[in-house]
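> need the 3D shape of this:
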Amino acid sequence: MTSFFAYIIYLLKILVNSSLGEADYFLFPPYNKSQRRKGILSKEVQFQNRDRFIELGLTISALRKMRGMSQEELAERAKISRSHLSSIEAPNIIRPFSVEVLYNIADALEVRAGDLLNSSILPEKKK
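Residues are numbered from 1 along each chain as shown. Predicted coordinates:
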């Protein structure tokens, strides 16, 4: 898990030092400039963090429900469309999203962005 947080810090440094702007970097590993310009992601890149995206989406969904919020309400507070939020939460859809969207969702849920990446903030399920 430590390497995951180190990777997020790496991405944030890219955002700060980038002349391309926030929306050009997603929560994916770096890929070559040609692919980035064309908006193409290789199959390896698309699925390298699949489990992490699924876990992140499920964490967002669980926190939203714990706070009694609808998808529409969270999407509005996070300044994204409901369909975008729905695809982020859905475990069968892997949709890349920017660090800015991650921060907007975290702010709307009143948690730190890092907490969303750590599903241990959720209460343990009773067995």
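> just checking, L109 touches S61?
No - in terms of C-beta atoms under 8 Å, L109 does not count as a neighbour of S61; the distance is 10.6 Å. Bear in mind the C-beta positions are built from the backbone N, C-alpha and C, glycine included.
> so these two - more neighbours on which side?
Neighbours were tallied for L109 and for S61 using other C-beta atoms under 10 Å; the higher tally belongs to L109 (21 against 18).
> mind checking how far the more buried one is from A78?
8 Å (C-beta to C-beta, to the nearest Å).
> and what of M66?
Between M66 and A78 the distance, using C-beta to C-beta, works out to 16 Å.
> more neighbours: those two, which one.
Here M66 and A78 are compared on neighbour count by other C-beta under 10 Å; more neighbours surround A78, at 23 against 11.
> so what's the more buried one up against?
85, 101, 104-105, 107-108 (C-beta atoms under 8 Å, 6 or more residues apart in numbering).
> ok, now with 6 Å
With contacts defined as C-beta atoms under 6 Å, 6 or more residues apart in numbering, A78 is in contact with 104-105, 108.
> for F53, state which of these is nearest.
Within the contacts of A78, proximity to F53 (C-beta to C-beta) peaks at I105, which comes in at 13.3 Å.
> how many other residues sit next to the closest one?
Residues within reach of I105, counting by other C-beta under 10 Å, total 26.
> report pLDDT for it.
I105 is assigned a predicted lDDT (pLDDT) of 96.
> next structured bit after the helix or strand in which it is found?
Assigned by DSSP states H and E, I105 belongs to helix 99-109. Once the chain leaves helix 99-109, the next helix or strand it forms, by DSSP H and E, is helix 113-116.
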